[in-house]
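A.B. asks: structure, please.
(2 chains)
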Amino acid sequence: MGQEETVGVSEHSFTRRTFIKGVIATGATTSSAGYLFRGSSLLGAATYQTATERLITLTVNGQARRVDVLPHETLAMTLRYKLGLTGTKLGCDRAECGACTVLIDGVNQYGCSMLTHQVRGRSVTTIEGLENPDTGELSVVQKAVMEEGGFQCAFCAPGFIMSMEALIAENPNPTREEAAHALSGNLCRCADYHKILNCAMRAAELARAV
Amino acid sequence: MAKIRDMIPAFELLQPTTIEAAIDLLDEHRSGAWVLAGGLDSFDWFKDRIKRPSAVIDLGGIPELTGIRDAEGGLEIGAMTTLTSIVRHPRIRSEYSIVADAAEHVATPQIRNQGTMGGNLAQDTRCWYYRSGWPCYRAGGNTCYASAPQAMNREHCIMGRSRCVAVNPSDTAPALIAVDAKMIVENTSGPKVYDAEDFFIGPSIDITRMTVMKPRDLLTRVHIPAAWANAEFYYEKVRDRGSWDFQLVSIAAAFRMSGGTIEEARIAVNGVAPYPVRLDAVERLVAGTSGDEATANRAGDLAIAGARALRHNDYKIPMMRNLVRRAVGSVA
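C.D. replies: Numbering: from 1, shown residues only, chains lettered A, B, ... in the order given. Presented below is the predicted three-dimensional model:
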């Protein structure tokens, strides 16, 4: 589309002062920002205090994690690149494919399409948090996936598994159709849906047996 | 277009905790502000660098915007109530099932878990020329790429055009028109109440907006009056895929019956114009009838009077006619 590429800053209708303030506030000291400030005495200026506290505590997989988060950072970015939880995948980054699905207070949502600052004080669960932290025992959904072998390339698997967790928690006795509806927010490019639904049904079976 | 880029461009994130604070911030930042509800659509705009607000006002921390309350015999839905909460609400399911039905048809479970009533109503059009950042009329430019001779316009409008031929993508909008909902919009001068069908505007009124809301305005709640509770409802959404997708054409209809006769009807269609279309002429035609086949056929023909196709969307005319027929025929 020939959209002009800029990194980190919005140049639209800014005065020079607020523009600089914005760059410093958000810490977008990328190479292009460095270029903008070449020779500027403002580079060493005191940092501007924004309304948004950057250093926050997130509850991820039951642990309190202290992390430095930009105001415009998505949860998937924070999980993958700040906390090292790379089980959460980025597929489309547009709330379409579901690879980034995580649980927020037990509800499945797209990690790519929420700001990390929107989940302060809430409980985030990623694929890494499903196993029992003491025994390492896998969750029933993970066991069902192991048994049924539901995925081919499995890039979509973490997202599907998180959606299955939400499904089982809400409706431990789904029909195949209900399971398909509950998993409709996740895409599998290998088109392995039949076997993925087998996993979901097996997971529900295992959950009922617990 | 869906390219992954490193980060969303920077903005100032403002997280007010009261409606008053949010309205004050909107008033302060005016056109530089972006209201963030569920955010599903907002982040696409930001990532694609098509919309670049300087300040983003996140409404997620305002408790009074969330929840469904009984009000004046009807219901009041806070603008930040998630679509999932609407789908599951017992009174909506029993008395206004058409609203729950429409909300259930929105996108995917993850999107319904996060997407909100207000966001679904106020969302922008899906016209891909506009969304890709082409300088069209709606984007403040001086042409419409979607009606050019070579344009791909299968999903565009068949009526209500005025330079722009985009359609409104909301699933809940026609259902709320069918139950005669009122939208409450607030700014620093106080609240204003709009009938659902007047909340959405066409390009002849303002080509750059989908709703009456201007930069200072905030949709705070939707009121559903008692009058249409437990009416006979009909909702249908036609889409390309069996799974989630935006509508090609959708219809929402409410019929108040007396014996086997339609006393009064409210019918709205979306996906055919830049705004959800209320079919008042059809409503008058079917009142006093039983919704029999002859009436349903006449209703379908009347609904499409004046419809005009673009190059690739002539199928929408019979599709709209058939949906109106089915809706009217559903009560017979």
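
A.B. asks: tell me where the model's unsure across the chain.
C.D. replies: Answering for chain A, as no chain was given. Chain A contains residues with pLDDT under 70 at A:1-51.

A.B. asks: oops, I was thinking of chain B
C.D. replies: Along chain B, segments meeting pLDDT under 70 span B:1-6.

A.B. asks: in it, which helix has the most residues?
C.D. replies: For chain B, the helix with the greatest residue count under DSSP state H is helix B:316-329.

A.B. asks: repeat for chain A
C.D. replies: Taking DSSP H as the criterion, chain A has its longest helix at helix A:193-209.

A.B. asks: ok, it near chain B or not?
C.D. replies: No: for a cut-off given as C-beta under 8 Å from any C-beta of the partner chain, helix A:193-209 has no contacts with chain B; the smallest distance is 9.8 Å. Every C-beta, even on glycine, is put in place using the N, C-alpha and C of the backbone.

A.B. asks: quick one: list the elements packing against that helix.
C.D. replies: Where contact means 3 or more C-beta pairs under 8 Å, 6 or more residues apart in numbering or on different chains; DSSP states H and E, helix A:193-209 is packed against helix A:140-148, helix A:157-170, helix A:176-182.

A.B. asks: ok now do residue 78, which residues does it touch?
C.D. replies: You didn't pick a chain, so chain A it is. A:58, A:67, A:69, A:116 (C-beta atoms under 8 Å, 6 or more residues apart in numbering or on different chains).

A.B. asks: I was thinking of chain B, sorry if that wasn't clear
C.D. replies: By C-beta under 8 Å, 6+ apart, the residues touching residue B:78 are B:64-69, B:117, B:220-221.

A.B. asks: could I get the helices and strands packed on helix A:193-209 as a markdown table with distance to chain B?
C.D. replies: As requested, those are arranged in a markdown table below (distance: least, C-beta to the nearest C-beta, whole Å):
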| stretch | distance to chain B |
| --- | --- |
| helix A:140-148 | 16 |
| helix A:157-170 | 7 |
| helix A:176-182 | 6 |
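
A.B. asks: buried residues, stretch B:10-18. List them.
C.D. replies: For stretch B:10-18, burial by neighbour count (16 or more other C-beta atoms under 10 Å in any protein chain shown) applies to B:10-16.

A.B. asks: at which residues are the strands of chain A located?
C.D. replies: For chain A, the strands defined by DSSP state E cover A:55-60, A:63-68, A:101-104, A:107-110, A:123-125.

A.B. asks: point out the residues in the stretch 201-332 of chain B that sit beside chain A.
C.D. replies: B:243-244.

A.B. asks: can you pull out the helices in the stretch 201-332 of chain B?
C.D. replies: B:280-286, B:293-303, B:316-329 (DSSP state H, counting those that start in this stretch).

A.B. asks: thinking again about what came up before, the buried residues of stretch B:10-18 in strands, which ones?
C.D. replies: Among the buried residues of stretch B:10-18, the residues falling in strands (DSSP E) are B:12-14.

A.B. asks: restrict the residues you listed to contacts with chain A.
C.D. replies: When contact is defined as C-beta under 8 Å from any C-beta, those meet chain A at B:12-14.

A.B. asks: between those residues, which sits nearest chain A?
C.D. replies: Distances from chain A to these, taken as C-beta to the nearest C-beta, are shortest for residue B:13 (3.6 Å).

A.B. asks: you'd agree that closest one is up against residue B:60?
C.D. replies: No: Residue B:13 is beyond contact range of residue B:60, at 10.9 Å (criterion: C-beta atoms under 8 Å).

A.B. asks: domain-wise, how is the chain divided?
C.D. replies: This is for chain A. A:9-48, A:56-129, A:140-209 (automatic domain parsing).

A.B. asks: ah, no, chain B please
C.D. replies: Residue ranges for each domain of chain B read B:64-122+B:167-227, B:231-329, as given by automatic domain parsing.

A.B. asks: which one of these lies nearest to residue A:191?
C.D. replies: Nearest to residue A:191, of all those, is domain B:231-329, at 12.4 Å by C-beta to C-beta.

A.B. asks: in chain A, what residue comes closest to chain B?
C.D. replies: In chain A, no residue comes nearer to chain B than residue A:185, which is 2.9 Å away by C-beta to the nearest C-beta.

A.B. asks: and for that residue, nearest residue in space, chain neighbours not counted?
C.D. replies: Nearest residue to residue A:185, sequence neighbours excluded (C-beta to C-beta, 6 or more residues apart in numbering or on different chains): residue B:108, at 2.9 Å.

A.B. asks: buried ones in stretch B:307-321?
C.D. replies: For stretch B:307-321, by 16+ other C-beta under 10 Å, it's B:307, B:310, B:313, B:316-317, B:319-321.

A.B. asks: correct me, but residue B:240 touches residue B:248?
C.D. replies: Yes: in this structure residue B:240 lies within contact range of residue B:248 using C-beta under 8 Å: 6.7 Å.

A.B. asks: so which of these two has more stuff around it?
C.D. replies: Between residue B:240 and residue B:248, counted using other C-beta atoms under 10 Å in any protein chain shown, the more crowded position is residue B:248 (19 against 11).
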